[in-house]
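>>> Can you look at this prediction? I've put the sequence above it.
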Amino acid sequence: MYEQYLRDPSSVGEEWRQLFDNGRLAELPVIPTDRAEVLGSGEQGAVPSAAPERTAPRSPLPVSADLQPITGPAARLAQNMADSLSVPTATSFREIAVDVLDARRRELNAQLAAAGKKVSFTHLIGFAIARAARELPVMTHAFQEVDGKPHRLDPHGVNLGLAVDVEKKDRSRALLVPVI
């Protein structure tokens, strides 16, 4: 995208031009929103007049988590990655064949039909993530800054939350996020 900007700055969006011109983004404007157009979290999509009650703050680290300082070139890489969070992002999509996954899901659903149960792609993807986390525990590690220094966080486990679209008794829809 930078090469495209160098050839013709008007060919990229305003945010990208600002970034490439100054090396940082300007403040983004606040867009006023009509409260009547917002679908809230209250009954029948109402926007609550009062803010939801705060819950107790979460523990910053799981009880069994380990923090290890990141040093050397890995520390510089971690800093570059943290700095990149202020850069606008571009998303790309890839289409992949899921014939085998779809066939397996159909087989499982045929077996579960008698019990009135069904397996979705979300179930299968969640299962694959859990299996991968068990087989490659390093994939569960996270980055955390402690006193301005980069650290690797090994949580010794993962809480996986998958948003599931459910239909309520009143036929309205909501997202439910069970945490596994």
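That came through fine.

>>> How far off centre is whichever strand or helix holds residue 16?
Using DSSP states H and E, residue 16 falls within helix 14-22. How far helix 14-22 lies from its chain's middle: 26 Å, per C-alpha atoms, centre = their mean, to the nearest Å.

>>> Who does the following helix or strand past it pair with, and is each partner parallel or antiparallel?
Toward the C-terminus, helix 14-22 is succeeded by strand 66-69 as the next helix or strand (DSSP H and E). Strand 66-69 pairs in its sheet with strand 149-154 (antiparallel), by DSSP bridges.

>>> Which positions within the helix or strand containing residue 125 qualify as buried?
Assigned by DSSP H and E, residue 125 belongs to helix 121-135. Under the neighbour-count criterion of 16 or more other C-beta atoms under 10 Å, helix 121-135 has 124, 126 buried. All C-beta atoms are positioned from the backbone trio N, CA, C, and that covers glycine.

>>> Past it, which element shows up next along the chain?
Following helix 121-135 in sequence, per DSSP H and E, is strand 142-146.

>>> buried ones in that following strand?
Neighbour-count burial for strand 142-146, counted by 16+ other C-beta under 10 Å, picks out residue 144.

>>> where does the closest residue to residue 119 other than its chain neighbours land in three-state SS?
Distance criterion C-beta to C-beta, 6 or more residues apart in numbering; nearest residue to residue 119, sequence neighbours excluded, is residue 108 at 4.7 Å. Three-state assignment for residue 108 (DSSP: H, G, I helix; E, B strand; the rest coil): helix.
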